[in-house]
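*Asks:* give me a model of this one.
(one chain, ligands or ions: 1)
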Amino acid sequence: MALVSMGPMLKRARAEGYGIAAYNMIDYNSARAIVEGAHSLDAPVIVQVSVKTVKHWGYTPIAHWVRDLASTVDVPVALHLDHCTDFDVLRRCVDAGWTSVMFDGSSLPFEENLEKSLQAYAMTEQAGVGLEAEIGAIGGVEDDKHVNEDDARLANFDECVRFVRDMPNLAVFAPAIGTAHGMYKGEAKIAYDLLERITKSISIPIALHGGTGLTEEQFHRCIAGGCAKVNISTMHKMLYVNSFVELKQQKPKLEEPLTFIATQNDAMKADVKSVISIFGSVGKASDARAAVMQRH
Ligand code: 13P
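*Replies:* Residues are numbered from 1 along each chain as shown. Got it, this is the predicted structure:
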């Protein structure tokens with residue numbers, strides 16, 4: 001299939017009560033593990049890319065890899081840009097073929113975040129791609145963004161309502177609800193009451209950031225509470241590195257790079273499959289495809 005925009009499939013996922021995995025890809029091998037893992041379970045999936053990764057590989061190679069991978073499967077695959085504060089990067093991704101982007105103005109004062117998010121919204125609406133926008137401050141480390149525990153801040157409910165008011169087509173809304181990027185020190189304290197208040201008043205699908213380390217029960221509660229896009233990055237990166245290193249430790253004489261790459265791919269794919277199974281999106285490809293088609 002051609003790459004799809006995530007908005008319509010996330011709307012459907014929220015309505016049907018399942019979550020769509022959004023994995024941060026690292027390179028071609030990782031993007032392939034994400035797409036193949038989803039394909040093997042007949043599930044829709046979002047391949048997302050951090051700004052650092054885009055700058056490392058370049059816009060065109062990433063767009064080509066993911067477009068080619070998507071074209072070999074019949075499950076819907078979206079290509080999304082994760083946390084971005086730079087309008088030039090947003091624009092270049094849109095021009096290169098990304099089907100959605102995230103403008104992250106969460107470190108700005110509310111009014112400024114709103115103003116800039118509205119600018120990003122106008123740009124993406126005109127280009128016909130989806131937008132994700134964030135308020136509050138999600139803790140932890142993602143890409144070059146570090147938010148200390150003390151600076152992490154739950155989204156303010158009234159601000160959430162005001163924030164999305166003039167963005168009716170927002171593909172997905174990311175309010176900080178207590179999850180954090182990276183590994184959790186203890187159990188994540190998720191503000192389910194805030195999530196419930198938000199989803200009662202706002203029909204836009206919600207993005208759950210900081211998926212690594214959440215328990216199955218936490219995933220289920222958040223997805224049932226309206227989180228349709230569930231982000232995983234740290235776990236994927238750990239598997240990428242550890243599977244490679246562990247194989248070399250187990251077989252020091254092994255020198256064939258393709259064997260390492262295949263082992264990495266297997267490890268990442270197994271995780272993608274187990275996550276998709278937890279999120280309830282196994283077999284939902286045709287459901288998501290129908291939602292995408294209705295939009296055209
Ligand atoms: P983790 O790194 O905690 O999985 O979070 C990923 C994320 O939310 C990317 O935006």
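*Asks:* my guess is Lys269 is in a helix, correct?
*Replies:* Yes. Counting by DSSP: H, G, I helix; E, B strand; the rest coil, Lys269 falls inside a helix.
*Asks:* residues touching it, list them.
*Replies:* Neighbour list for Lys269: 33, 36-37, 40 [criterion: C-beta atoms under 8 Å, 6 or more residues apart in numbering]. For glycine as for every other residue, the C-beta is placed from the backbone atoms N, C-alpha and C.
*Asks:* try 7 Å
*Replies:* Listed by C-beta atoms under 7 Å, 6 or more residues apart in numbering, the contact partners of Lys269 are 33, 36-37.
*Asks:* which parts of the stretch 151-296 of the chain sit against the ligand?
*Replies:* 181-182, 209-212, 231-235 (C-beta under 6 Å from any ligand atom).
*Asks:* pull the number of nearby residues for Asp86.
*Replies:* Counted with other C-beta atoms under 10 Å, residues neighbouring Asp86 total 11.
*Asks:* dump the residue contacts of it.
*Replies:* Counted by C-beta under 7 Å, 6+ apart, Asp86 has zero contacts.
*Asks:* all helices of the stretch 1-150 of the chain, in order?
*Replies:* 6-16, 28-40, 51-57, 59-71, 87-96, 110-127 (DSSP state H, counting those that start in this stretch).
*Asks:* which residues sit against the longest strand seen in the chain?
*Replies:* The longest strand of the chain (DSSP state E) is strand 77-84. With C-beta under 7 Å, 6+ apart as the test, strand 77-84 has contacts from 1, 3-6, 22, 24, 35, 45-51, 54, 63, 66, 70, 90, 93, 97-104, 142-143, 145.
*Asks:* same question for stretch 146-162.
*Replies:* 110, 135-140, 175-178, 180, 191, 194, 197-198, 201-202.
*Asks:* could you give me the average pLDDT of that stretch?
*Replies:* Here stretch 146-162 scores 83 as its mean pLDDT.
*Asks:* ends of it, what's the gap?
*Replies:* 26 Å (C-alpha to C-alpha, to the nearest Å).
*Asks:* pretty sure Phe103 is touching Leu131, no?
*Replies:* Yes. When contacts are counted by C-beta atoms under 7 Å, Phe103 is listed as touching Leu131 (6.5 Å).
*Asks:* need the overlap of contacts for those two.
*Replies:* Joint contacts of Phe103 and Leu131 (C-beta under 7 Å, 6+ apart) are Ala120.
*Asks:* ok, now how distant is the residue sitting furthest away from the middle of the chain from Thr259?
*Replies:* Centroid-distance maximum for the chain: Lys253 at 37.8 Å, with C-alpha atoms, centre = their mean. Distance of Lys253 to Thr259, computed by C-beta to C-beta, to the nearest Å: 11 Å.
*Asks:* likewise for Ala43?
*Replies:* Ala43 is 28 Å from Thr259, by C-beta to C-beta.
*Asks:* which of those two has more neighbours?
*Replies:* Between Ala43 and Thr259, Ala43 has the larger neighbour count (other C-beta under 10 Å), namely 27 against 12.
*Asks:* pLDDT below threshold where in the protein?
*Replies:* 145, 147-151, 296 (pLDDT under 70).
*Asks:* strands of that one, start to end?
*Replies:* According to DSSP E, the strands that the chain contains are 20-24, 45-49, 77-84, 100-103, 130-135, 139-142, 145-147, 172-175, 180-181, 206-208, 227-232.
*Asks:* which helices and strands does the fourth one pack with?
*Replies:* When contacts are defined as 3 or more C-beta pairs under 7 Å, 6 or more residues apart in numbering; DSSP states H and E, strand 100-103 sits against strand 77-84, helix 87-96, helix 110-127, strand 130-135.
*Asks:* now do the third one against helix 6-16, angle only.
*Replies:* On the basis of axes from the mean of the first three to the mean of the last three C-alpha atoms, to 10 degrees, helix 110-127 is oriented at 110 degrees to helix 6-16.
*Asks:* report the beta-bridge partners for the most centrally placed residue in the chain.
*Replies:* The residue lying closest to the centre of the chain (C-alpha atoms, centre = their mean) is Ala22, at 3.4 Å. In this entry, Ala22 is beta-bridged to Ile46, Asn231, by DSSP bridges.
*Asks:* mind listing what it touches?
*Replies:* Ala22 neighbours (C-beta under 7 Å, 6+ apart): 46, 48, 80, 229-231.
*Asks:* one more time with 10 Å
*Replies:* 6, 10, 34, 45-48, 78, 80, 82, 132, 172, 207-209, 211, 228-233 (C-beta atoms under 10 Å, 6 or more residues apart in numbering).
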